[in-house]
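> Predicted structure and sequence below. I'll ask about it afterward.
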Amino acid sequence: MALKDFLAELDTLESDARAALGSAADAGALEAARVEYLGAKAGRLKAIQKGMGAVDKADKPAAGQRLNAVKQAVEAALEDAQAKLNSGAVKSAAPAIDATRPGRPVRRGRLHPITQTIERMKEIMGRLGFTAVEGPEIEDDWHNFVALNIPEIHPARDPLDNFYLSVASGQQAEGSGQQESQAALGPDGKPLLLRSQTSTVQIRTMETTPPPVRIVSLGRVYRPDTADATHYPMFHQMEGLCVAPGVTMADLKGVLQMFWQSYFGLEGEEHVDVRFRPSFFPFTEPSVECDIWHDGRWMEIGGAGMVDPNVLRAVGYDPEEVTGFAFGLGIERICMRQHGITDIRDLYANDVRFLAQF
């Protein structure tokens, strides 16, 4: 092949490529032009390059030099066209959205079953005159133990039964590549921890609020339990507190009976019986376990009792003037029993197929 014929083919290709790339109206047209002229297998430039074998040996350096120049020019034209499309300089002839095509139905979300249970419990307790309050999930020794009448020797303080917090010291531990850590301390110099019950919110509320007090505290709590069908290291609690002159165990039983009557009333329960069994909790005296008659059997719902006088004194209340009751309910347990869920881990697996049932 004569050199002039080879160069003429390159000139024609460059002219055609510039025109095609410059007139591309959208990304699809630009990609089609790129494949036609610069495609690695069937592009026009590749086809001309294969024809270099027919060029005279003496003319091959000039042919190769021109081939590279044309390739660079086409690639530059491609970059310019892409930049124009990205900047919006080239408007697509077709609308971005075809309003005449059938649409997909919008999938509406829904509240998580635990959130549904919490909202239902708050609504009922609100009608009974209780205000919902929240507090920090990182607590100090005073609010999590001392003010709740839990002594130093109580097993509830065991490091194996709590998530105590630590901070990196900035130094490398000897013999390892890891940083040393030390306990994160609160204002009282005692280690901080993730709260193990929402009773801490009750203490914080009483410290700043004179009686009468009628609240429910809701939120996450943390205990280092091994995850299985009925345990999880993070779960939710609702704890109720009522402190005022003359509060008795009869008031506690009445509130719980009205609460459960309202909660299960939507399921056709005509009457809900509540019974108390003696128990022990450091922050209540006397303490009881509560059961309700539901679905033909007694079902345990949580612990309760009269607020221990030591707890009242810790927050500045006079136990000779006021008394109070408190109760605690596990929200996951209630949610599981209400919906027939047998494994607590299903609530946290984030499987939409499971959650969509509720």
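Nice, thanks for sending it over.
> Can you tell me how far Arg333 is from Tyr222?
In this structure, Arg333 and Tyr222 are 16 Å apart, going by C-beta to C-beta, to the nearest Å. Where you see a C-beta, it was placed from the backbone N, CA and C, and this is true even at glycine.
> next one: Asp16
As judged by C-beta to C-beta, Asp16 and Tyr222 stand 70 Å apart.
> Show the contacting residues for the spatially closest residue to Leu355 that is not a sequence neighbour.
The shortest distance from Leu355 to any non-neighbouring residue, by C-beta to C-beta, 6 or more residues apart in numbering, is to His112 (6.5 Å). By C-beta atoms under 8 Å, 6 or more residues apart in numbering, the contact list for His112 reads 347, 355, 358.
> How many residues are close by the second one?
Applying other C-beta atoms under 10 Å, we find 16 other residues in the vicinity of Leu355.
> Phi and psi next, for the residue nearest to Leu355.
phi -60, psi 150 (degrees, to the nearest 10).
> List the contacts of the closest residue to Met249 other than its chain neighbours.
Leaving aside its sequence neighbours, Met249 sits nearest to Met306 (C-beta to C-beta, 6+ apart; 6.3 Å). By C-beta under 8 Å, 6+ apart, the contact set of Met306 is 247-249, 252, 284-286, 323-326.
> neighbours of Arg204, just the number please.
Neighbours of Arg204 using other C-beta under 10 Å come to 19.
> what secondary structure does it sit in?
Following DSSP: H, G, I helix; E, B strand; the rest coil, Arg204 is assigned to helix.
> wait, isn't it in contact with Glu139?
No: contact criterion C-beta atoms under 8 Å: Arg204 and Glu139 do not qualify, at 9.2 Å.
> so what sits against both of those two?
Contacts common to Arg204 and Glu139, judged by C-beta under 8 Å, 6+ apart, are absent.
> Please read off the pLDDT at the nearest residue to Asp273 once chain neighbours are set aside from the model.
Once flanking residues are discounted, Asp273 sits nearest to Trp293: 4.2 Å by C-beta to C-beta, 6+ apart. On pLDDT, Trp293 comes in at 77.
> ok, back up a step: columns distance to Leu312 on top of the contacts of His112, output as JSON lines?
As requested, the contacts of His112 are arranged in JSON lines below (distance: C-beta to C-beta, whole Å):
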{"residue": "Leu347", "distance to Leu312": "36"}
{"residue": "Leu355", "distance to Leu312": "42"}
{"residue": "Phe358", "distance to Leu312": "40"}
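> Need the residues you listed in JSON lines (columns: secondary structure, distance to Leu10 and pLDDT).
Formatted as JSON lines, the contacts of His112 follow (DSSP: H, G, I helix; E, B strand; the rest coil; distance: C-beta to C-beta, whole Å; pLDDT from 0 to 100):
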{"residue": "Leu347", "secondary structure": "helix", "distance to Leu10": "68", "pLDDT": "92"}
{"residue": "Leu355", "secondary structure": "helix", "distance to Leu10": "63", "pLDDT": "88"}
{"residue": "Phe358", "secondary structure": "coil", "distance to Leu10": "68", "pLDDT": "85"}
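> Tell me the one of those residues nearest Ser262?
Phe358 (19.7 Å; C-beta to C-beta).
> count of neighbours near the closest one?
When neighbours are defined as other C-beta under 10 Å, Phe358 has 17 of them.
> What are the neighbouring residues in contact with it?
Phe358 sits next to 110, 112-113, 116, 339 when contact means C-beta under 8 Å, 6+ apart.
> Now the buried members of the residues you listed.
With burial judged by 16 or more other C-beta atoms under 10 Å, the buried subset of these is Pro113.
> can I get the contacts of Phe358 in a markdown table with secondary structure, pLDDT and distance to Asp56?
Listed next are the contacts of Phe358 as a markdown table, based on DSSP: H, G, I helix; E, B strand; the rest coil; pLDDT from 0 to 100; distance: C-beta to C-beta, whole Å:
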| residue | secondary structure | pLDDT | distance to Asp56 |
| --- | --- | --- | --- |
| Arg110 | coil | 85 | 77 |
| His112 | coil | 92 | 78 |
| Pro113 | helix | 93 | 81 |
| Gln116 | helix | 93 | 84 |
| His339 | helix | 87 | 85 |
